[in-house]
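Asks: Structure for the following, please:
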Amino acid sequence: MGRKSLAEKLYEQVKEDHEEELGTWLALYDFKGLKPNTKFWTNVKRVMNLVNGGSLIQYSIFKTASKIGAITVIRLAKHYRAETILYRAERMELS
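Replies: Below is the predicted model of the structure:
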């Protein structure tokens with residue numbers, strides 16, 4: 001058995017602290033004055049696999065149906081020194 005990735009460790013911690021709540025979650029992060037560590041992107045992809053979905057709608061926005069997945073990405077971004085915001089979003093149709 002290999003070592004757990006940072007994404008897996010954070011995911012397990014978040015899962016213990018929060019109940020899953022499905023919806024549309026947006027995790028926003030900004031690496032002001034920093035270039036994101038390549039391990040950040042690798043771990044974001046691991047989170048996508050752990051929650052069976054999610055996407056980067058921009059380089060600084062992760063969208064998922066999983067509250068636990070969104071919080072995990074927020075904690076991951078903070079680990080790599082990004083500023084973060086978490087939103088629960090509702091899609092609206094305009095006529």
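Asks: Show the contacting residues for Y11.
Replies: By CB atoms under 8 Å, 6 or more residues apart in numbering, the contact set of Y11 is V47, L50, I68, G69, T72. Every C-beta, even on glycine, is put in place using the N, C-alpha and C of the backbone.
Asks: same thing but 7 Å
Replies: V47, L50, I68, T72 (CB atoms under 7 Å, 6 or more residues apart in numbering).
Asks: Quickly find the element holding the third one.
Replies: Under the assignment given by DSSP states H and E, the secondary-structure element containing I68 is helix 67-79.
Asks: Which parts of this protein are helices?
Replies: In the chain, the helices defined using DSSP state H lie at 6-17, 38-50, 67-79.
Asks: Let me know which of those is the nearest to Y29.
Replies: Smallest distance to Y29 across the helices of the chain (CB to CB): 3.7 Å, for helix 67-79.
Asks: tell me which helix or strand of the chain sits lowest on mean pLDDT?
Replies: Among the helices and strands of the chain, strand 55-58 carries the lowest confidence by mean pLDDT, DSSP states H and E, at a mean of 93.
Asks: so what secondary structure elements neighbour that strand?
Replies: Under the contact criterion of 3 or more CB pairs under 7 Å, 6 or more residues apart in numbering; DSSP states H and E, strand 55-58 touches strand 61-66.
Asks: so the strand it packs on versus helix 38-50, what angle?
Replies: Angle between the axes of strand 61-66 and helix 38-50 is 30 degrees (criterion: axes from the mean of the first three to the mean of the last three CA atoms, to 10 degrees).
Asks: What sits closest to T24 if chain neighbours are left out?
Replies: The shortest distance from T24 to any non-neighbouring residue, by CB to CB, 6 or more residues apart in numbering, is to A89 (4.5 Å).
Asks: And the one you found, how far from A27?
Replies: Counting by CB to CB, to the nearest Å, the gap from A89 to A27 is 11 Å.
Asks: Looking at those two, which is more packed in?
Replies: Under the criterion of other CB atoms under 10 Å, the comparison of A89 against A27 puts A27 first, with 26 against 10.
Asks: pLDDT score assigned to the more buried one?
Replies: Looking at A27, its pLDDT is 98.
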